[in-house]
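Peer 1: okay, here's the prediction I keep looking at, along with the sequence it came from:
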Amino acid sequence: MTGKDTPLVPKDAIALGLRSNWPQFSLLILVNAFVGGMVGLERTVVPLIGSEEFKIASTTLVVSFIVSFGVVKAFANLVSGHLADAWGRKRVLVLGWLFGLPVPFIVMWAPSWEWVVFANALLGINQGLAWSMTVIMKIDLVGPRSRGLAVGLNEFAGYLSVGVTAFLTGYIAAQYGLRPVPFYLGVAYGILGLALSVLAVRDTRQHVLLETGRKNSQGEPPNFWKIFALTSYGDRNLFAACQAGLVNNLNDGMSWGIFPLFFVSFGLGIERIGILKAVYPAVWGVFQIATGPLSDRWGRKGLIAAGMWLQAAGLFMTAFSTTFEWWLLASVFLGLGTAMVYPSLIAAVSDASDPRWRARSLSVYRFWRDLGYAIGALSAGIIADVFGLVWAIGAIAALTFFSGVIVAIAMRE
């Protein structure tokens, strides 16, 4: 084999595929479990710290910590792809952990709500850099044939950890109070995640070179703004994925901030709220083991549209129910719907992106997706302050259903 057909990296040195790269792939799954645990710290306890410890009456102000998280994470996502190409995946992963390490310390000792908002801005950088790198590195390792599987396993680890940590913090808070004991988990996550990223994770840029060589990609990749425009609206599949990702995290941001306040208004205790807040991301995480590979076999479009509609059903059920049992079933629906959507969206964006600029295209998608956290929390907070919590949940449910309709019309397999 000669000339331009010669692989850029010797075959005996590196290969694509899960079987060839399972030690690093497994290590990245563990690292992303710690990344997800950092978000799980906040799911049950932090909204209640705002309303009960700091006596904040405005729902909009209580969810402001999610707004800071979502905006900062969105922009961190936007630059993560460029940084990954320029600096290497591992360096960006380590940088993400350096920003995340102070978060649990700040929240557990915050003297005012402004400190909690600031901590969540740091958490946004941590998630935007660290979570982005774990998923991009897994996609790099497995190559084009198993993207859905790679994304499904990555998101399984992250969101199962979110759910487990949400449950544990609710249980611990019921025993020892809202602060500081529940946040000791975050200290452990940060130390372990940073240590593994520095000492054990290896960069995957050579795998990208190998895949690019096999695809015989020619010429320089387009500049950032062309990639931004193409991903945002220039390609119908990428547009459909971006709007669905935004709405998916919009309803997640709403549930993060509004659900604890909604449940406590019916007299539900912190421990039972923790169960409800854990079921949704846990179901989401576990079922991605199946939905990721299924999207490789069945296609992305059907899973995404049906998943958005199942999410909408879960949100409507939450809004118009008044008992723990119905809320629990609604949380299962919400988790199943999100499990259908989440890995399928990332895989769909990867399908439509050239490997030379895939990391940057994914970063643009993740920018729009995670901007949904801020939009969802802020809009739901305003609607709740004006019309009430039920209206806030119902309005987001209707928007989620409409987003599924857009996918059904616009996306092509």
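Peer 2: In hand now; what should we look at? Numbers count the residues shown, from 1 in each chain.
Peer 1: which neighbouring elements make contact with the helix or strand hosting T318?
Peer 2: Using DSSP states H and E, T318 sits in helix 301-319. Judged by 3 or more Cβ pairs under 8 Å, 6 or more residues apart in numbering; DSSP states H and E, helix 301-319 is in contact with helix 236-264, helix 270-298, helix 324-351, helix 389-410. (Each C-beta comes from the backbone N, C-alpha and C, glycine too.)
Peer 1: tell me what angle the first one forms with helix 324-351.
Peer 2: So that's helix 236-264. Using axes from the mean of the first three to the mean of the last three Cα atoms, to 10 degrees, the inter-axis angle of helix 236-264 relative to helix 324-351 is 160 degrees.
Peer 1: next, T322: phi, psi?
Peer 2: T322 adopts backbone torsions of phi -130, psi 10, taken as degrees, to the nearest 10.
Peer 1: contacting residues around it?
Peer 2: Taking Cβ atoms under 8 Å, 6 or more residues apart in numbering, we find T322 in contact with F266.
Peer 1: any idea how far D235 is from it?
Peer 2: Plainly put, T322 is 44 Å away from D235 if you go by Cβ to Cβ, to the nearest Å.
Peer 1: likewise for G269?
Peer 2: 48 Å.
Peer 1: those two: who's more crowded?
Peer 2: For G269 versus D235, neighbours defined as other Cβ atoms under 10 Å are more numerous around D235 (18 against 12).
Peer 1: on that earlier part again, would you single out the least confident of the helices and strands packed on helix 301-319?
Peer 2: Among the helices and strands packed on helix 301-319, helix 270-298 carries the lowest mean pLDDT, a mean of 87.
Peer 1: now that helix: buried residues?
Peer 2: Of the residues in helix 270-298, those buried under the neighbour-count criterion (16 or more other Cβ atoms under 10 Å) are 270, 272-289, 291-296.
Peer 1: could you export the helix holding T318 as PDB, CA atoms only?
Peer 2: Extracted in PDB, the C-alpha atoms of helix 301-319 (Å, rounded to 0.1, in the frame of the first residue of the first chain):
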ATOM      1  CA  LYS A 301     -35.000   9.900  13.700                       C
ATOM      2  CA  GLY A 302     -37.700   7.600  15.100                       C
ATOM      3  CA  LEU A 303     -36.100   7.300  18.500                       C
ATOM      4  CA  ILE A 304     -35.600  11.100  18.800                       C
ATOM      5  CA  ALA A 305     -39.200  12.000  17.800                       C
ATOM      6  CA  ALA A 306     -40.900   9.300  19.900                       C
ATOM      7  CA  GLY A 307     -38.600  10.200  22.800                       C
ATOM      8  CA  MET A 308     -39.600  13.800  22.800                       C
ATOM      9  CA  TRP A 309     -43.200  12.900  22.800                       C
ATOM     10  CA  LEU A 310     -42.700  10.500  25.700                       C
ATOM     11  CA  GLN A 311     -40.900  13.200  27.700                       C
ATOM     12  CA  ALA A 312     -43.900  15.500  27.000                       C
ATOM     13  CA  ALA A 313     -46.300  12.800  28.400                       C
ATOM     14  CA  GLY A 314     -44.200  12.500  31.600                       C
ATOM     15  CA  LEU A 315     -44.200  16.300  32.100                       C
ATOM     16  CA  PHE A 316     -48.000  16.600  31.600                       C
ATOM     17  CA  MET A 317     -48.500  13.700  34.000                       C
ATOM     18  CA  THR A 318     -46.300  15.400  36.600                       C
ATOM     19  CA  ALA A 319     -48.100  18.800  36.300                       C
END
